[in-house]
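Q: pasting the structure only:
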């Protein structure tokens, strides 16, 4: 019988979880282990340790963490040829993260418990072979200096026949890629580093083809397109076509998985060509001689930034980073206040294993090209600040809430758009020099699900000051509110939705003693709500005839009476809105989705419209907005998307009194291809 003996066991924390990476020693003076010292061992990922080949005798068992004792003084007797199995329960809990950060106090160490589970002979009397040394790492693992350049089956080797992705019913773990293949491994898509092991290049190319046919209220100017036109309203048919090419180039350094990147540089130039055909003069350009058609193009830079991770804040990928340059940003879930691509500086990151996410950003806006909505290279003289905090699993698992503060400093400037129309200040009310606006937004929004119900909500309080509102011809203090709520329920392949939106309106624009502007307006909104781009009132801009301003702007439900959303200024003297929505989404197949919506819209107050149009009375009803659309992804991916829809707005009494009784219609289609 050999004289050698063994001690094995497991180390657990107070909650019964295994503690890895600890040194278990039979010599209280020895805090480290070596291959020639059979008196200590280290716990593995399951907290298990094994000391094999110890001489029989009495020992003092100790456990060390980074050379510091966390358990000691336990007397253990091991007999000749005997295996002792034990369990040690430490008096403290294992925190999230590596064992090197385990907190403990003397009281917790003293509360640790040692239990002997069993003793048995090392064998049943047979002669044991000599104890073999465990194989080294070099014997167990193959060195791979370049983990991205692994030999793949390509037909050049007898045991590695050429691989074809779809060959009958056969499937393989190997996927052969090519530099121009966006689906499999490609150096252009960041699957391989371009140099070293952590520097990657990613190219994304996108083609967006959009067409839009609509009928909108259009005045017949003093220079009508058709001779002999007498009615105030002319022919409202319009056709719009736009082709956009977007190319994004990204150079990034990092692990390419899990961990946030160390740094990145991204540049995204965008080219657009657009065509507009109308049926009246004075629409495509301020000069009626420009006729009824317009062809325009523009090249802008929508992204050009550098991002750097400043610090790792914990073992679970919590971090803080900074991004400087032209960048995409949305201040909330649905784009109610600010959603744009503008130059700025943004500090962002997360905490508590990504449960908390935060942003602090400042933007100095650029002017937009009027007909493409792309960035120009001229300052807008408007500064936007945003600070927000997202909290995941807020009260309910799966529900995320956001608290935010937004500000806008819009300086007093004069600006004409690319078609010759004055947009700043808005050409309404008293003709006065430009005015400045300081607006602030305090908001609470949420998105997620509470049990089976999907919930999306928002509330904003707007404050600030307009130095001289052009409609009321006086200084105004801002006090306006917006509230929105959407509830939806999934039943198999259907999703049913109901939602409502409230934007406060101004009731006293004609009262010279009233210096409060109560109509809610945003900074630069892009609302994905109540049908979004499929809704007529959200998609199309309805110009307020004879005024130089719009009843509403594209991609916005707010009837804010501004000249243009991007190039114009916010206006807090407006009628406000009440919206009620019901809709349903149907996933007809795995790649085809049907979207339906019905909206009922009303003005909250009509006094601003009556004051602006010199028309009294104007009733509150806007109308019923009905829409239907489809989203088809034939490849079950974002690489190719067909989107189309049709919508109409049946006017109620209020809209009829402003315009006509004709139903307004719109039909659109968008094809997006992405590499």
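A: Thanks, I have it. These figures come from a predicted structure and were not determined experimentally.
Q: got a pLDDT number for the closest residue to residue 308 other than its chain neighbours?
A: Among residues not flanking residue 308 along the chain, residue 263 sits closest, at 4.7 Å (Cβ to Cβ, 6 or more residues apart in numbering). The C-beta positions use only the backbone N, C-alpha and C, and glycine is treated the same way. With respect to pLDDT, residue 263 has a value of 96.
Q: ok, now which ones touch residue 263?
A: The neighbourhood of residue 263, defined by Cβ atoms under 8 Å, 6 or more residues apart in numbering, consists of 252, 253, 254, 306, 307, 308, 309.
Q: who does it bridge with?
A: Beta-bridge partners for residue 263, by DSSP bridges, are residue 253, residue 308.
Q: could you number the chain from 9 rather than 1 from now on?
A: In the new numbering, first residue 9, that becomes residue 271.
Q: quick check: the gap between it and residue 260.
A: 7 Å (Cβ to Cβ, to the nearest Å).
Q: in CSV, list the contacts of residue 271 along with distance to residue 665, pLDDT and neighbour count.
A: Converted to CSV, the contacts of residue 271 look like this (distance: Cβ to Cβ, whole Å; pLDDT from 0 to 100; neighbours: other Cβ atoms under 10 Å):
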residue, distance to residue 665, pLDDT, neighbour count
260, 57, 95, 19
261, 61, 94, 17
262, 60, 90, 16
314, 54, 98, 14
315, 52, 97, 21
316, 57, 97, 14
317, 58, 96, 18
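Q: mind putting these in CSV, distance to residue 514 included?
A: Listed next are those as CSV, based on distance: Cβ to Cβ, whole Å:
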residue, distance to residue 514
260, 48
261, 52
262, 51
314, 43
315, 42
316, 45
317, 46
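Q: identify the farthest-apart pair in these.
A: Spanning the widest gap among the contacts of residue 271 are 262 and 314, at 14.4 Å by Cβ to Cβ.
Q: tell me who's in contact with the residue lying closest to residue 311 once chain neighbours are set aside.
A: With sequence-adjacent residues excluded and distances taken as Cβ to Cβ, 6+ apart, residue 311 is closest to residue 276, at 3.5 Å. By Cβ under 8 Å, 6+ apart, residue 276 lies in contact with 254, 255, 256, 257, 309, 310, 311, 312.
Q: tell me how far residue 276 lies from residue 258.
A: 9 Å.
Q: does residue 290 really touch residue 297, like I thought?
A: No. Using Cβ atoms under 8 Å, residue 290 makes no contact with residue 297, being 9.7 Å away.
Q: of the two, which one has the most company?
A: Between residue 290 and residue 297, counting by other Cβ atoms under 10 Å, residue 290 is the more crowded of the two (23 against 8).
Q: next one: the more buried one from residue 226, what distance?
A: Distance of residue 290 to residue 226, given as Cβ to Cβ: 9 Å.
Q: kindly report the same for residue 73.
A: Distance from residue 73 to residue 226, counting by Cβ to Cβ: 78 Å.
Q: ok, residue 678 next?
A: From residue 678 to residue 226 the distance is 24 Å (Cβ to Cβ).
Q: between these two, who's got more neighbours?
A: residue 226 (21 against 17).
Q: which residue packs closest to the more buried one, ignoring adjacent ones?
A: Using Cβ to Cβ, 6+ apart, the nearest residue to residue 226 is residue 244, at 4.3 Å.
Q: beyond the lowest-mean-pLDDT helix or strand in the chain, next helix or strand please.
A: Least confident element among the helices and strands of the chain, by mean pLDDT, DSSP states H and E: helix 114-118 (a mean of 62). Note on helix 114-118: by DSSP states H and E, the next helix or strand toward the C-terminus is strand 121-129.
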